[in-house]
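Chemist: Below are the sequence and a predicted model; questions follow.
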Amino acid sequence: MKLAEPQRLYRRIAERIRGGVLRGEWPVGTRLPPERDLSLALGVSRPSLREALIALEVEGIVEVRTGSGVYVRAAHPAGNLSASANSDVDWGPLEVMRARQVIEVEVAAMAAAYARKSEIALMHESLQMMREEAANGEVPRHGDEAFHLAVARACGNDVLFDMVQRTWMARDGALFERLGDYFENPPAWKKAIDEHEVVLRAIEVHDVSGARRAMQTHLRNATKRYSASWKLSTA
């Protein structure tokens, strides 16, 4: 018998908010309580609450209005928040970022120990792709993914490469896309590119501890960027 998998935290939070909407606590058209108040009332962190609100926005339950707040749009949208609740592409963005901090830090260290010239060259190409995408006003998504997968490939472990690849597959989901709409911007891209350059320099000279530190710094900063507060008057 297959055991039921636990529902992800952001989905549990979203279902509690949805329940409040259905019970009439927050009628259609009204504004939800400020982020700080709602997170305290639900007993959850503000980043986890944001994930839940983005999930509800993707579904059509709420609308996030920058500078104003989060408003209830519908009580019975066409979508179903519980559908595909345990699929890889439905992992919560912050859950993915925290997992990457565990996996990719050591992957970078291993890459620094084992990377060959051809693999380092591929990292350079990927980083250049990021620069070109950013220069064209595009989210440097393809170059970013190519860089991290090049580092993972260079670590010499197919299992770890597959794990990194799966976290990037999750980034194709609607939650990651919507989160990026709010928090990805040219200054953030520049910081990310600068951080990638530090990682690459350490790998290039086979500095294992330096690569570990550089990747750890990058992923911590990336997580902070994804969990930054909305610029809402109600935040």
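Modeler: Received, thanks.
Chemist: Okay, and residue 63 sits in which element?
Modeler: Residue 63 is part of strand 62-65, with elements assigned from DSSP states H and E.
Chemist: quick one: low-confidence parts of the protein?
Modeler: 1-7, 77-90, 227-235 (pLDDT under 70).
Chemist: Quickly list the domain ranges of it.
Modeler: Annotated domains of the chain cover 9-72, 88-226 [automatic domain parsing].
Chemist: Let's have these in a markdown table, adding mean neighbour count.
Modeler: In short, each C-beta sits where N, CA and C put it, glycine included. As requested, the domains of the chain are exported to a markdown table (neighbours: other Cβ atoms under 10 Å):
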| stretch | mean neighbour count |
| --- | --- |
| domain 9-72 | 18 |
| domain 88-226 | 18 |
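Chemist: ok, back up a step: can you list the helices and strands that the next helix or strand after the strand holding residue 63 packs against?
Modeler: Tracing the chain past strand 62-65, the next element assigned as helix or strand by DSSP H and E is strand 69-72. Packing partners of strand 69-72 (3 or more Cβ pairs under 8 Å, 6 or more residues apart in numbering; DSSP states H and E): strand 62-65.
Chemist: one more time with 10 Å, if that's ok
Modeler: helix 9-22, helix 35-42, helix 46-59, strand 62-65 (3 or more Cβ pairs under 10 Å, 6 or more residues apart in numbering; DSSP states H and E).
Chemist: can you give me how far that strand is from the chain middle?
Modeler: When distances are taken as Cα atoms, centre = their mean, to the nearest Å, strand 69-72 is centred 22 Å away from the chain's centroid.
Chemist: Closest to the mean position in the protein, which residue would that be?
Modeler: By Cα atoms, centre = their mean, the mean C-alpha position of the chain lies nearest to residue 93, the distance being 3.6 Å.
Chemist: I figured that one was touching residue 9, is that so?
Modeler: No: at 11.8 Å, residue 93 and residue 9 do not qualify as touching, with contact defined as Cβ atoms under 10 Å.
Chemist: Select, out of the helices and strands packed on strand 69-72, the one closest to residue 120.
Modeler: Checking those against residue 120 by Cβ to Cβ gives helix 46-59 as the closest, at 34.7 Å.
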